[in-house]
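# got a predicted model here, sequence first, then my questions.
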Amino acid sequence: MTSSGEPMSGEPMSGEPMSGEPTSGEHSPDLLTGHAGELAVAVARGHGVQTMFTLSGAHVFPMYDGAVKADPPMRILDVRHEQTAAFAAEATGKLTRVPGLAVLTAGPGVTNGVSAIAQASFAGSPMVVVGGRAPNNRWGTGSLQELDQPPILAPVTKVARTLPTADAVLGGMDEAFTAAGSAHRGPVFVDVPMDEFFNTASGPRPTPPTQVRLEPDSDALVEIAELVGAAQRPVLVLGTDVWADGAEDAAARFAEELGMPTLTNGMGRGILPGGHPLLVTKARSQAFGAADLVIVVGTPLDFRLGYGVFGGKDGAPPAQVVHLADSPDQVSRHATLAGSASGDLTSVLDGVLAACQGLVRRPDWSGWLGELQATVAAAAERDRALLTAEADPIHPARIYGELLPRLADDAVVIGDGGDFVSFAGKFVEPQRPGGWLDPGPYGCLGAGLGAAIAARLARPSAQVALLFGDGAAGFSLMDVDTLVRHQLPVVMVVGNNSAWGLEKGPMQMLYGYDVAADLGQRTGYDTVVSALGGAGETVADPRQIGPALDRAFASGVPYLVNVITDVAAAYPRNTFGI
């Protein structure tokens, strides 16, 4: 990481012109001339950016001018809270695998975006945040919102620095986007002093980005294949970075050709579609507890995966663990590993598969897979009772019983909440990769509306379903105004149990009472959406959930279905993330 004033590696590059970029006073095809905002927009467009997410602020006016005067203009999507702009950029990076762009005004505009930037850091989401900055010519005198921002952002970014002059913008922005989009992906922050943002500069056009693919160690791949060949009860785990690295086809090929039982998390969900015979998510406890080899691909060995400790169930020995990552720094340092490899995940997975195909003895795991499939079938039968429950008040699972048959294969499902969204993780099994968004290991509430905005823009013909806990809804519901102003229809479902459910139960378990865990009873979140120009309704009868969802999907407007649920129907969890 670098902080204010320290250069990033490399210099501005020259090369072939990028098509359709805005310039002012251009003298040659390879030269860009304009104020710093125009230059910044030109670089962003050259890296594939289509939308600038922002909330209006004078410190970044030149970016808006650059977007308006670009040919064609760059879309400016303005929100009601900077957190939403940053979350939208983060989700855009996830969905499109092109860095999202958030432009935040100086001081509180930047600090309002820090949670989303931290989420991007934990989730490996490519995004670039451009911050306003108090002018150089007034620095140190107490001008409005004078704050040295890069040191604040440095711990949660790949790079955080000030581009001190207009002349530094072309090269600095190009390096920012290149860093954000290179494995291991993540957020990059740059700010530009206000006076320099208005200044004019010239420089060579940055060349179109070239993806650098890190090739894995072939010996490591052979060693991993030997572990696979010796395994009796292997399990494969596919995580977010498999999708981010464009390795979803290689991952499906690996699982299917080897016949290996598979679990998915994050944006790895959907790589094997729901219902696939190898997908054993509903047998997770048995799979992890009895496995003798667990291969984890593209996700950290954190609290979601028992910190990388598997096996040991019913007297079974500890499992051997293999970690495959998109870059060396992502390979676990705390877990005991039997093998590891890093690099382009398609090359990693195909390389291990090729080595497995050369084994003298091809393993047969049909018996192990059959055991897990039987557990999956039994779990699905148990789930059916919850998904169709007629309980009053409504069991949260019943909402998913009504939602699942109404989701198209290309739907984008977004989770923003605690207990209610935990049920989503249990019941929603996407049919395609790249269709599930959640906060990831950072566990940040308030990400949902920004993600919904991003999904509607990135997938204009797809269903977008945003699942809110009622606590999470309070973080961002005002940005329904953004959906309305920009004509972005989204179906929102609130599981309204009038409490911070993820905290209420554990506190009662620990102390026998709870405080600071109750919310307003049956709050009319749908009326908030209606007041902002959308539509919605409250549902308290389980038989009315399905018809309400039908009206929501058919409405063509932002529509919120506010379902009153049973606060006592808590999600059964084995870990609290610590």
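Arrived safely. Residues are numbered from 1 along each chain as shown.

# CA atoms for contacts and neighbours, from now on please.
Noted.

# which stretches in the stretch 251-400 of the chain count as strands?
262-264, 293-297, 320-325, 339-342 (DSSP state E, counting those that start in this stretch).

# what's the mean pLDDT across the last one?
So the one you mean is strand 339-342. Mean pLDDT, computed over strand 339-342, is 98.

# among the strands of the stretch 251-400 of the chain, which is nearest Gln357?
Judged by Cα to Cα, the one of those that comes nearest to Gln357 is strand 293-297, at 17.0 Å.

# tell me the angle that closest one makes with strand 320-325.
Using axes from the mean of the first three to the mean of the last three Cα atoms, to 10 degrees, one finds that strand 293-297 and strand 320-325 are set 10 degrees apart in direction.

# which neighbouring elements make contact with strand 293-297?
strand 234-238, strand 320-325 (3 or more Cα pairs under 8 Å, 6 or more residues apart in numbering; DSSP states H and E).

# partner strands of the longest one and their direction?
Taking DSSP bridges as the criterion, strand 320-325 pairs within the sheet with strand 293-297 (parallel), strand 339-342 (parallel).

# equivalent analysis for the shortest one, please.
In the sheet containing strand 234-238, its partner strands are strand 262-264 (parallel), strand 293-297 (parallel), by DSSP bridges.

# deepest of the strands paired with strand 320-325, which one?
strand 293-297 (a mean of 25; mean count of other Cα atoms under 10 Å).

# please save the CA atoms from it in CSV.
Extracted in CSV, the C-alpha atoms of strand 293-297 (Å, rounded to 0.1, in the frame of the first residue of the first chain):
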residue,chain,number,x,y,z
LEU,A,293,-9.3,-34.2,1.8
VAL,A,294,-10.8,-30.7,1.4
ILE,A,295,-9.7,-28.6,-1.7
VAL,A,296,-10.6,-25.0,-1.2
VAL,A,297,-10.5,-22.8,-4.3
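
# for that strand, the averaged confidence score.
On average, strand 293-297 scores 98.

# neighbouring contacts of it?
Here strand 293-297 makes contact (Cα atoms under 8 Å, 6 or more residues apart in numbering) with 227-228, 231-239, 241-242, 288, 310, 319-325.

# what about 7 Å?
Under the criterion Cα atoms under 7 Å, 6 or more residues apart in numbering, residues 231, 233-239, 242, 319-325 lie in contact with strand 293-297.

# Phe177: which of the strands of the stretch 251-400 of the chain is closest?
strand 320-325 (21.3 Å).

# coming back round to it: please indicate which of the contacts of strand 293-297 are buried?
Buried members of the contacts of strand 293-297, counted by 16 or more other Cα atoms under 10 Å: 231, 233-239, 242, 319-325.

# which one of those is nearest Leu305?
Using Cα to Cα, the buried ones among the contacts of strand 293-297 come closest to Leu305 at Val237, 9.4 Å.

# still on that earlier bit, TSV for the strands paired with strand 234-238, including distance to Gly469?
Below are the strands paired with strand 234-238 laid out as TSV (distance: least, Cα to Cα, whole Å):
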stretch	distance to Gly469
strand 262-264	23
strand 293-297	30
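
# to Ala180, which of the ones you listed lies closest?
strand 293-297 (20.6 Å).

# please state the offset of that closest one from the chain centre?
Taking Cα atoms, centre = their mean, to the nearest Å, one finds the center of strand 293-297 at 22 Å from the center of the full chain.

# can you pull the contacts of Ala462?
With contacts defined as Cα under 7 Å, 6+ apart, Ala462 is in contact with Asp410, Ala411, Val412.

# report pLDDT for it.
97.

# can you tell me the SS state at it?
Following DSSP: H, G, I helix; E, B strand; the rest coil, the label given to Ala462 is coil.

# next one, pLDDT for Asn417 please.
Actually, residue 417 is Gly rather than Asn. 93.

# same check, this time on Val360
76.

# hang on, the earlier thing: adding distance to Ala355, write the strands paired with strand 320-325 out as a markdown table.
Putting the strands paired with strand 320-325 into a markdown table (distance: least, Cα to Cα, whole Å) gives the following:
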| stretch | distance to Ala355 |
| --- | --- |
| strand 293-297 | 15 |
| strand 339-342 | 14 |
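
# what's the closest of these to Val159?
Between those, strand 339-342 lies closest to Val159; by Cα to Cα that is 21.7 Å.

# list the contacts of the closest one.
Counting contacts by Cα under 7 Å, 6+ apart, the residues touching strand 339-342 from outside are 216-217, 220-221, 224, 321-328.

# the helices in the stretch 51-200 of the chain, which residues?
Along the stretch 51-200 of the chain, counting by DSSP state H, counting those that start in this stretch, helices occupy 61-69, 82-96, 108-111, 114-123, 150-153, 169-180, 194-197.

# so where is this protein shaky, pLDDT-wise?
Low-confidence regions of the chain, defined by pLDDT under 70, span residues 1-29, 573-578.

# repeat that for 90
Applying pLDDT under 90 to the chain flags the ranges 1-30, 205-213, 313-316, 358-363, 439, 502, 505-506, 569-578.

# what about stretch 32-41, distance to the chain center?
The answer for stretch 32-41 is 30 Å, by Cα atoms, centre = their mean.

# just to revisit the earlier point, among the strands paired with strand 320-325, which comes closest to Pro206?
strand 339-342 (29.0 Å).

# which other helices and strands contact the lengthiest helix in the chain?
Counting residues, the longest helix in the chain under DSSP state H turns out to be helix 366-387. Under the contact definition 3 or more Cα pairs under 7 Å, 6 or more residues apart in numbering; DSSP states H and E, helix 366-387 sits against helix 396-403.

# ok, then the element right after the helix it packs on?
Once helix 396-403 ends, the next helix or strand along the chain (criterion: DSSP states H and E) is strand 412-416.

# what's in contact with that next one?
Taking Cα under 7 Å, 6+ apart as the rule, strand 412-416 contacts 421, 435-438, 445-448, 455, 462-469, 472.

# swap in stretch 264-277?
So stretch 264-277 is contacted by 237-240, 242-243, 248, 252, 279, 429-434, 436-438, 440 (Cα under 7 Å, 6+ apart).

# just how off-centre is it within its chain?
For stretch 264-277, the distance to the chain centre is 16 Å (Cα atoms, centre = their mean).

# quick one, what contacts the residue nearest to Ala67 when sequence neighbours are not counted?
Distances taken as Cα to Cα, 6 or more residues apart in numbering put Met74 closest to Ala67, at 4.8 Å, once the chain neighbours are dropped. Residues near Met74 by Cα under 7 Å, 6+ apart: Gln50, Thr51, Ala67, Val68.

# can we see that at 8 Å?
Arg45, Gln50, Thr51, Met52, Ala67, Val68 are the contacts of Met74 under Cα under 8 Å, 6+ apart.
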